[in-house]
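Asker: fold the following for me, if possible:
(chains A, B, C and D)
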Number of protein chains: 2
Amino acid sequence: MRVSAKADYAVRAAAELAAAEQGPVKGERLAEAQDIPLQFLEHILLELKHAGIVRARRGAKGGYWLARPADTITVADVVRAVEGPIAHVQSAPPESIEYRGNAQHLQEVWIAVRASLRAVVEHVTLADLVSGDLPAAVEALASSPDAWAAR
Amino acid sequence: MRVSAKADYAVRAAAELAAAEQGPVKGERLAEAQDIPLQFLEHILLELKHAGIVRARRGAKGGYWLARPADTITVADVVRAVEGPIAHVQSAPPESIEYRGNAQHLQEVWIAVRASLRAVVEHVTLADLVSGDLPAAVEALASSPDAWAAR
DNA sequence: GCCCTCCTGACCAAGAAGGTCAAGAAAGTC
DNA sequence: GACTTTCTTGACCTTCTTGGTCAGGAGGGC
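Answerer: Below you'll find the predicted structure:
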């Protein structure tokens, strides 16, 4: 239950692209802006491209840009593109697992875990991220002092 | 953002212990009840013991039992015991990461992710799991048909 | 003394995480 | 057409994690 460096990098780069006024942004600029190893970032951007989230052009004046408007791309889209399905259990979707005996209801718990995760990442768009104007429900979660406490 | 086999096994075994009427339960019985490789399970139980969640006694009539009442142990306790902190980003707690440029607000998103995760796993106890009587908020999340859809 | 059950460390194969390197292919410029 | 720029792609690398197995030891119960 952790977020990989790759997913974090991917979202940060995507946010940077969302904020770009116009025209393609070079990989190097993204890498510098977010302090990400360039070569690693280019692999990530390639995956985002294959997922249809980003587009690219080579050559002078080349670079990357978002394939769709920033308010139609969610954090979940970006994370899935590089990490695969969210909240799998034992590499399988929770709804496909059969639980026996006294663990019967564990399936519902994992389903609820996934749903609560989705409720956040599927509702924050890149546009929200850049503007800082997060959905009210997300803001509420993040603003509780309890949410900031380590545990 | 996935749940490991180890964490899943740990919760299942803990649920089985929570349901045990009385007296220690053998590792072998737990392994059979939940179809978990015995040797692997014993390593897991050892971790749960070190975390103070479970107790054990050796010898004939030996076995494992919960160190505390089942309604005071949450799924989060068990998962943390075997997987470490929940929802870390790049192996660090989200509140300790500094984001720059257009990714400034990503920190709040990861904090919200962690909070929403906690809202589920910290409120389901082993007793809830065995009885199937989950907290209303969790039930609500799990009962939405949308939550069961793969994506 | 003997059996039972937990305890523990060593080992292992496969895969992922987090990168780096280097060659190529397209786009633009002169 | 040559040259530069920037993306594209595959190969490679090291370390850690995952999901186990094996074998011996230690302690309890009878």
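
Asker: residues touching the residue of chain A most remote from its centre, list them.
Answerer: Most distant from the centre of chain A: residue A:101, at 36.0 Å, with distances by Cα atoms, centre = their mean. Applying Cβ atoms under 8 Å, 6 or more residues apart in numbering or on different chains, we find residue A:101 in contact with B:15, B:16, B:19, B:33, B:34. (Each C-beta comes from the backbone N, C-alpha and C, glycine too.)

Asker: adding neighbour count, write these out as TSV.
Answerer: Shown next, in TSV, are the contacts of residue A:101 (neighbours: other Cβ atoms under 10 Å in any protein chain shown):
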residue	neighbour count
B:15	27
B:16	24
B:19	18
B:33	19
B:34	21
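
Asker: now, which of the residues you listed sits nearest DNA strand D?
Answerer: Nearest to DNA strand D among these, counting by Cβ to the nearest atom of the strand, is residue B:34 at 11.5 Å.

Asker: which residues does the residue in chain A that DNA strand C sits nearest to contact?
Answerer: Nearest residue of chain A to DNA strand C (Cβ to the nearest atom of the strand) works out as residue A:59 at 2.7 Å. For residue A:59, the contact set (Cβ under 8 Å, 6+ apart) is empty.

Asker: now do the helices in chain A.
Answerer: Using DSSP state H, the helices of chain A run over residues A:5-19, A:27-34, A:38-50, A:75-83, A:106-121, A:126-131, A:136-143.

Asker: which elements pack onto the fifth one?
Answerer: Helices and strands in packing contact with helix A:106-121 are listed as helix A:75-83, helix A:136-143, helix B:5-19, helix B:106-121, helix B:136-143; criterion 3 or more Cβ pairs under 8 Å, 6 or more residues apart in numbering or on different chains; DSSP states H and E.

Asker: so which of these gets nearest residue A:127?
Answerer: Residue A:127 lies closest to helix A:75-83 among the helices and strands packed on helix A:106-121, at 11.2 Å (Cβ to Cβ).

Asker: what does that closest one rub up against?
Answerer: Applying Cβ under 8 Å, 6+ apart, the set of residues contacting helix A:75-83 from outside is A:3-4, A:6-7, A:10-11, A:14, A:44, A:47-48, A:50-51, A:53, A:86, A:118, A:120-122, A:124-126, A:129, B:1, B:109, B:151.

Asker: one more time with 7 Å
Answerer: The contact list for helix A:75-83, computed with Cβ atoms under 7 Å, 6 or more residues apart in numbering or on different chains, reads A:4, A:6-7, A:10-11, A:14, A:44, A:47-48, A:51, A:53, A:86, A:118, A:121-122, A:124, B:1, B:109.

Asker: just stretch A:7-16 next, same as before
Answerer: Contacts of stretch A:7-16 (Cβ under 7 Å, 6+ apart): A:30, A:33-34, A:36, A:41, A:44-45, A:48, A:73, A:75, A:78-79, A:81-83, A:126, A:129-130, B:89-90, B:101-103, B:106.

Asker: can you do 6 Å?
Answerer: The contact list for stretch A:7-16 (Cβ atoms under 6 Å, 6 or more residues apart in numbering or on different chains) reads A:30, A:33-34, A:36, A:44, A:75, A:78-79, A:82-83, A:126, A:129-130, B:89-90, B:102-103.

Asker: quick one: name the residues of chain A near DNA strand D.
Answerer: A:24-28, A:39, A:42-43, A:45-46, A:49-50, A:56-64, A:90-91 (Cβ under 7 Å from any atom of the strand).

Asker: now do 10 Å
Answerer: Neighbours of DNA strand D within chain A, by Cβ under 10 Å from any atom of the strand: A:1-2, A:24-31, A:38-50, A:54-65, A:88-92.

Asker: from those, keep the buried residues only.
Answerer: Among the residues of chain A next to DNA strand D, the ones that count as buried by 16 or more other Cβ atoms under 10 Å in any protein chain shown are A:1-2, A:24-25, A:27, A:30-31, A:41-42, A:44-45, A:47-48, A:54, A:56, A:63-64, A:88-89.

Asker: thinking again about what came up before, identify the farthest-apart pair in the contacts of residue A:101.
Answerer: B:19 and B:34 (11.2 Å).

Asker: show me what from chain A comes close to DNA strand C.
Answerer: Taking Cβ under 10 Å from any atom of the strand as the contact definition, chain A meets DNA strand C at A:2-9, A:24, A:31, A:36-44, A:56-62, A:82-84, A:91.
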